[in-house]
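*Asks:* Give me coordinates for this.
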Amino acid sequence: MMHFPQRQTCFFPPSAFLYLLIAFFPVSCQGASFKNPAEAGTADFVKLSSRSYTAQHLKAFEAQQKNLLRENGENADTLIRLAQACWILGEFAEAGQKLDYYNKGRYYAERLIRENPSCGDGYYWKAVNLCGVAETGGAGRALRLLPEIVENMEKAAEINPAIDQGGPHRVLGRIFCEAPAWPMSVGDIEESLRHLTLAVQIAPDNSTNHLYLAETLLRLEQEKQALAELDKVFQSTQHATWPLGVEEDRQEARRMQAKIKNP
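*Replies:* Next up, the predicted model:
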């Protein structure tokens, strides 16, 4: 059986506020074979790899849908895979198909919550797919959905903070870092630091956990600590969304290092 990955790197929208909603889901991709990005032109490599990656997960998604029809009662694992796959497919889909995948993912996650409310994955993947819904609807929809996203992600963190390589704390840390502060929204840089520190403790080999913690530390003007976290990005080998994510995180870490050392 094909296994779905467990994070995000997503493709970021131009809005800085919407960025916070989708920039935090690194997932480890198991079983995919990709060449080193240095062996091909970056743009062509990413394009070809994303097509292969999407085809792989579309095939697995269709298989899991058939599994769900055959199952009676105990189908939590299938619902988790379906909710996760919908988010992944939504990230790589054409603009006109994204919302459909995210809404399907939300449906499967909500069904999982109804059938198994003690399973943290339902709350996590509901929140992740809601982030996708928010991305497709502009800043107004994002503002309306943000409280629901935070509520579900906090529930996931309470039940199982290890989901998706520390995903609940990674997402919450990113939200609290990027969102406007109260009374406009939920932004809180100290809460961001707390959640991202926990994410790093839970999954120290996830490159995005270290990258996001470094960015929060920079907001707090702790450059020495931020540089230490950026160094750890290069030591990390796992990502939550797709195989190229680690290299993308390393490229961003290099950019941040240069900016810190040459302001």
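*Asks:* Start and end of stretch 181-194, how far apart?
*Replies:* 16 Å (CA to CA, to the nearest Å).
*Asks:* Give the buried residues for it.
*Replies:* Residues of stretch 181-194 classed as buried: 185-188, 191-194 (neighbour count, 16 or more other CB atoms under 10 Å). The way it works is simple: take the backbone N, C-alpha and C, and place the C-beta from them, glycine included.
*Asks:* repeat for stretch 135-151
*Replies:* Buried residues in stretch 135-151 (16+ other CB under 10 Å): 135-136, 141-142, 145-146, 149-150.
*Asks:* chain center to that stretch: distance?
*Replies:* Taking CA atoms, centre = their mean, to the nearest Å, one finds the center of stretch 135-151 at 16 Å from the center of the full chain.
*Asks:* Do you have the helices of this protein handy? List them.
*Replies:* 16-22, 42-70, 76-92, 95-115, 120-159, 163-178, 189-202, 207-219, 223-233, 245-261 (DSSP state H).
*Asks:* Rebuild the ones you listed as a markdown table, extending it with mean pLDDT and distance to His239.
*Replies:* Formatted as a markdown table, those follow (pLDDT from 0 to 100; distance: least, CB to CB, whole Å):
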| stretch | mean pLDDT | distance to His239 |
| --- | --- | --- |
| helix 16-22 | 37 | 15 |
| helix 42-70 | 58 | 12 |
| helix 76-92 | 87 | 13 |
| helix 95-115 | 93 | 20 |
| helix 120-159 | 92 | 15 |
| helix 163-178 | 95 | 8 |
| helix 189-202 | 98 | 13 |
| helix 207-219 | 97 | 6 |
| helix 223-233 | 97 | 11 |
| helix 245-261 | 93 | 3 |
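*Asks:* Go through those helices and pick out the most buried.
*Replies:* Ranked by mean neighbour count, the helices of the chain are led by helix 163-178 with a mean of 28 (mean count of other CB atoms under 10 Å).
*Asks:* Now Asn103: closest residue in space, sequence neighbours ignored.
*Replies:* Val133 (6.7 Å; CB to CB, 6 or more residues apart in numbering).
*Asks:* OK, contacts around Thr237?
*Replies:* Applying CB atoms under 8 Å, 6 or more residues apart in numbering, we find Thr237 in contact with 205, 207, 246.
*Asks:* ok, so of these, who is nearest Lys259?
*Replies:* Ser207 (18.3 Å; CB to CB).
*Asks:* how about the closest one, what does it touch?
*Replies:* Contacts of Ser207 (CB under 8 Å, 6+ apart): 26, 233, 236-239, 245-246, 249-250.
*Asks:* Reformat those as JSON lines; add distance to Gln222.
*Replies:* Output for the contacts of Ser207, formatted as JSON lines (distance: CB to CB, whole Å):
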{"residue": "Pro26", "distance to Gln222": "23"}
{"residue": "Val233", "distance to Gln222": "16"}
{"residue": "Ser236", "distance to Gln222": "20"}
{"residue": "Thr237", "distance to Gln222": "25"}
{"residue": "Gln238", "distance to Gln222": "25"}
{"residue": "His239", "distance to Gln222": "25"}
{"residue": "Gly245", "distance to Gln222": "25"}
{"residue": "Val246", "distance to Gln222": "24"}
{"residue": "Asp249", "distance to Gln222": "20"}
{"residue": "Arg250", "distance to Gln222": "21"}
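*Asks:* still on that earlier bit, I'd like to know which of the buried residues of stretch 181-194 is nearest to Gly166.
*Replies:* Arg194 (12.8 Å).
*Asks:* Pro117: neighbouring residues, count only.
*Replies:* If you count neighbours by other CB atoms under 10 Å, Pro117 ends up with 12.
*Asks:* how close does it get to Tyr123?
*Replies:* 9 Å (CB to CB, to the nearest Å).
*Asks:* Then Asn75?
*Replies:* Applying CB to CB to Asn75 and Tyr123 gives a distance of 17 Å.
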